[in-house]
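Engineer: Take this sequence and fold it.
(chains A and B)
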Amino acid sequence: MRAREGDAAAREALLERLRPRLVLWASARLGSELRAEADPEDIAQEALLAVHRRLDEFKGDDRRAFISWLFTVAENRIRDLADRAGAQKRQRAELPRREQTSPSQAAARAELARSLAEAVARLDEPHRAVIRMRRFEEMEVSEIARRLDRSENAVRILYCRAIAALRDGMKQEGRESA
Amino acid sequence: MEETLARLLDDYVARRQRGEQPSSEEYRVSAGAVWDEFARLMEAESSFDTALQEEEGDLPRPFGSYTLVRELGRGAAGIVYEARRGGRTVALKVVRQGFDTSPEAITRFRREAEACARIRHDHVVEVYEAGEAEGRPFYAMTFLDGRSLSAIARTGGLPSPRELARRVARVADALHEIHGKGVVHRDVKPGNIMADSTGRMVLADFGLARSMDAATLTKTGEALGTPLFMSPEQLLGDRGRIDGRADVYGLGATLYELLAGRPLFAATDWPELVRAILDERPKPLHEVAPAVSPELSRIVMKALEKQPEDRYGGAAAMRDDLLAFADGRVVTGRPVSATRRRLRRLRRRWKPLAIAAALLLAAGYLFVSFFPAKLSIQTYPVAEVFLDDESLGTTPLEASVRPGRHKLVLKSKGFKDWVKEDLNLKPGGMWSVERILIADADDPYAQEVLARRYDLPTLSLGPIARMRGNGPEDWIEPLYPRGKVRGSDLADLRIDVGREWNAKGKLEVRAGGKVLYSGDFTPSNLSTVAAVPDAAKAALRPGDTFEWGFYPEKGAPTVATCELVADARDERMERELADQDPAVASLLRASHLLKQGLLLAAYREASRLADEGEAIRPALAIMRGALEGMKLEDTPLWQDLIRRADRAGG
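Structural biologist: Take a look at the predicted model:
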């Protein structure tokens, strides 16, 4: 990975490229309830900043470890939020979805990203976890297998089922909003 | 079936993550019967890429004199955008960034554009302009607000067979026009026929169109179509015989798949598919799909004849028959009679042999150019890779090879050969392996290599004393972990001052000139052990180099320098190693025990190994380390060790 080889610019570029992925993940993780509390874009921004400040400390030797680190930082922030929200047990009317103000241009893509995030948010935890690890953090199957304590084959099948569930989820949403 | 899906999907994701741009079409053959399900999964899978669009940046954005508005689709080499210039909306096909922009590729791309630009037909995509922007060749063509027939077929929106025949007749008419201009499309398939909202079908993507009069660009089979819709003569690379009738075949195969709802041949691997295309008579369409009338079936089957001269003489004849069928008139196309087929077979007695020879030749490049299998091999230590006794190079190695059965051998000096007979490589598949080769346990070279890998200081009898901290006078357990450590080793960042428990000082972890942890350590007779708390370890990342150790108030510190390495793979490799060879596993275990200061256990493990006559020298070295650690140098055990060492010649 170029980002490791001391090229700060490449690292920053990598961070920037990871931003959409992080936003998507954050909005999937926040769910509609927490999204009233925090903006996924802010979460992503915070994580990116935190990581950016500590870029020099990262000497890991691959892109995946780097991505993993970034997601861990974001995940911690989301957990903090969830804990706080849970502790306060506030009742709150659900806020309307954030207005997609962008003109028709990126709107379609944003819409897809939104529906993808919704669908990811609705997944069962094992499915969501495997998608996060495989697709967002780019972990190798072997590593996921180790973490989940399953065989590699089982992980592949789990991922396949997660994608199928995701597809069904997106379809369903398409019907609901239609 | 689910396993196949999971494997293909996994391969796709892995390739994406390596920065490749696989298209789902590449998996068609491997997917076989589960292709439809796979294609549906891919829609969800690819929505990640579309939603994230990490590589292309935000749209809209300017591109040359155009504005790219949105992405319409991706092929192997190009991305198609909806684009605007002035008030006009066009489809812009742009060669992908990072894709082959060699002169040959650009020439091929331009030729594609030229071939298209010469054609004006209601049912052919019109090309307006070809050019280059941002260093990427592109061409602008009619923007079709529609979907490909393969997409429509998947979601079940095809018209009745009769109506389909009428519309496809227009495509046949378009092909007739194209052939008249000296161009063969060569890649007629459902994915290349677009239907707009009115149902009009338009032939798109001249990816492979080449002027018949132009010298062929490549002899390497670089430009080839999707094999499922490819005529036998194309498959054989029989250039002299490729003319418009190859497209007639492609259109026949297209109709067959659309009407039957399944591919022409249900081959599950490449060689089978090649054989089927060359040699297998497909089941008559009306037998596979009872809703299709025998007349329509006859048209399709005639288009699918193996010999070009048995098909329609040209696209126009096929068009006429399709229209006749659609209007309920008499279809003229007759299948080749059995007698004629038999006669032909007699006349061409040489043919099977020629086919076999051609197949072998064609297969070589077809396999590699279509669906090469990928090999990814990593080993410890470095090994030379032999595929069918031919060296591919040394590890780490990534190579594209011909699918099929192979014999794979990994060779490394001092290690046992690792042999995989009958390795079956799937077309388009990926086969990867990470191996620790089994050391020839008594080979000194292998021991040295392993010692480096595992940072085993004990693999030779000589330097054992070096692991002893600062010597027996200020006795402190040798610090482990040291050297390359894995995340799981961090649990062992603790010291035991043993008998010298009045040695006050600090336990510290330092990295990059900073002190990450510093704790006072005052051993008492209740505890002589101190550990680095977990919080202090959390700051350590893979790749970090850090020092840790005991800094006594008086005297020299005992410090170990460590480098934290990512641990998943190491652990797995170690497990793998343990699975492979009990002797080496046992050696590792003994060494770990020694590192952890479990001296008696280390001694036992190593002496068992030595008793079995395995890895004797390193086993003795560990025994010696353990005995020294336990201060048992003047005991019968020590005498026994020396006797054994003498016998081993050490």
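
Engineer: got the domain boundaries for chain B?
Structural biologist: B:2-52, B:61-142, B:148-368, B:372-436, B:438-467+B:581-650, B:481-562 (automatic domain parsing).

Engineer: Between those domains, which has the poorest mean confidence score?
Structural biologist: In terms of mean pLDDT, the lowest-scoring of the domains of chain B is domain B:438-467+B:581-650 (a mean of 68).

Engineer: before we move on, the earlier item: same list (the domains of chain B) but as a markdown table, adding mean neighbour count.
Structural biologist: (C-beta placed from N, C-alpha, C; glycine too.) Formatted as a markdown table, the domains of chain B follow (neighbours: other C-beta atoms under 10 Å in any protein chain shown):
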| stretch | mean neighbour count |
| --- | --- |
| domain B:2-52 | 19 |
| domain B:61-142 | 17 |
| domain B:148-368 | 18 |
| domain B:372-436 | 17 |
| domain B:438-467+B:581-650 | 19 |
| domain B:481-562 | 16 |
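
Engineer: need those in a markdown table with distance to residue A:143, can you?
Structural biologist: Formatted as a markdown table, the domains of chain B follow (distance: least, C-beta to C-beta, whole Å):
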| stretch | distance to residue A:143 |
| --- | --- |
| domain B:2-52 | 13 |
| domain B:61-142 | 27 |
| domain B:148-368 | 30 |
| domain B:372-436 | 12 |
| domain B:438-467+B:581-650 | 20 |
| domain B:481-562 | 12 |
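
Engineer: Number of residues surrounding the residue nearest to residue A:148 when sequence neighbours are not counted?
Structural biologist: Counting by C-beta to C-beta, 6 or more residues apart in numbering or on different chains, the nearest residue to residue A:148 once its immediate chain neighbours are dropped is residue A:155, at 6.6 Å. Residues near residue A:155, counting by other C-beta atoms under 10 Å in any protein chain shown, number 25.

Engineer: Residue A:155 belongs to a helix?
Structural biologist: Yes - assessed by DSSP: H, G, I helix; E, B strand; the rest coil, residue A:155 belongs to a helix.

Engineer: I'd guessed it sits against residue A:146; true?
Structural biologist: No - with contact defined as C-beta atoms under 8 Å, residue A:155 does not count as touching residue A:146 (9.5 Å).

Engineer: quick one on the thing from earlier: residues touching the residue nearest to residue A:148, list them.
Structural biologist: Neighbouring residues of residue A:155 by C-beta atoms under 8 Å, 6 or more residues apart in numbering or on different chains: A:130, A:134, A:141, A:144-145, A:148.

Engineer: cutoff 6 Å now
Structural biologist: Residue A:155 makes contact with A:141, A:144-145, according to C-beta atoms under 6 Å, 6 or more residues apart in numbering or on different chains.

Engineer: how does chain A divide into domains?
Structural biologist: Domain ranges of chain A: A:1-89, A:107-178, per automatic domain parsing.

Engineer: ok, of those, where does mean pLDDT dip lowest?
Structural biologist: domain A:1-89 (a mean of 69).

Engineer: can you tell me the helix or strand for the residue nearest to residue B:299 when sequence neighbours are not counted?
Structural biologist: Using C-beta to C-beta, 6+ apart and skipping residues adjacent in sequence, the residue nearest residue B:299 is residue B:321, 4.9 Å away. Under the criterion of DSSP states H and E, residue B:321 resides in helix B:315-326.

Engineer: swap in residue B:137?
Structural biologist: Using DSSP H and E, residue B:137 falls in strand B:136-142.

Engineer: Not counting the helix or strand just after that strand itself, show me its contacts.
Structural biologist: Next helix or strand after strand B:136-142 toward the C-terminus (DSSP H and E): strand B:146-148. With contacts defined as C-beta under 6 Å, 6+ apart, strand B:146-148 is touched by B:191, B:194-196.

Engineer: Could you point out which of those residues is nearest to residue B:287?
Structural biologist: Of all those, residue B:287 sits closest to residue B:191, with 25.8 Å by C-beta to C-beta.

Engineer: what sits against the closest one?
Structural biologist: Residue B:191 neighbours (C-beta under 6 Å, 6+ apart): B:148, B:150.

Engineer: Confirm it sits in a helix?
Structural biologist: Yes - according to three-state DSSP, residue B:191 belongs to a helix.

Engineer: and it, how far is that from residue B:148?
Structural biologist: 5 Å (C-beta to C-beta, to the nearest Å).

Engineer: With residue B:410 instead?
Structural biologist: On the measure of C-beta to C-beta, residue B:410 and residue B:148 end up 45 Å apart.

Engineer: Residue B:546 pairs with what?
Structural biologist: Judged by DSSP bridges, the bridge partners of residue B:546 are residue B:511, residue B:562.

Engineer: So residue B:179 sits against residue B:245, correct?
Structural biologist: No - using C-beta atoms under 6 Å, residue B:179 makes no contact with residue B:245, being 9.1 Å away.

Engineer: related to what we said a few turns ago, for the helix holding residue B:321, name the packing helices and strands.
Structural biologist: helix B:161-180, helix B:244-260, helix B:294-303 (3 or more C-beta pairs under 6 Å, 6 or more residues apart in numbering or on different chains; DSSP states H and E).

Engineer: In TSV, list those along with distance to residue B:61.
Structural biologist: Below are the helices and strands packed on helix B:315-326 laid out as TSV (distance: least, C-beta to C-beta, whole Å):
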stretch	distance to residue B:61
helix B:161-180	34
helix B:244-260	36
helix B:294-303	44
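
Engineer: of the ones you listed, which approaches residue B:386 most closely?
Structural biologist: Using C-beta to C-beta, the nearest of the helices and strands packed on helix B:315-326 to residue B:386 is helix B:244-260, at 39.8 Å.

Engineer: in chain A, which spans are helices?
Structural biologist: A:8-35, A:40-53, A:63-88, A:104-122, A:125-131, A:141-148, A:152-177 (DSSP state H).
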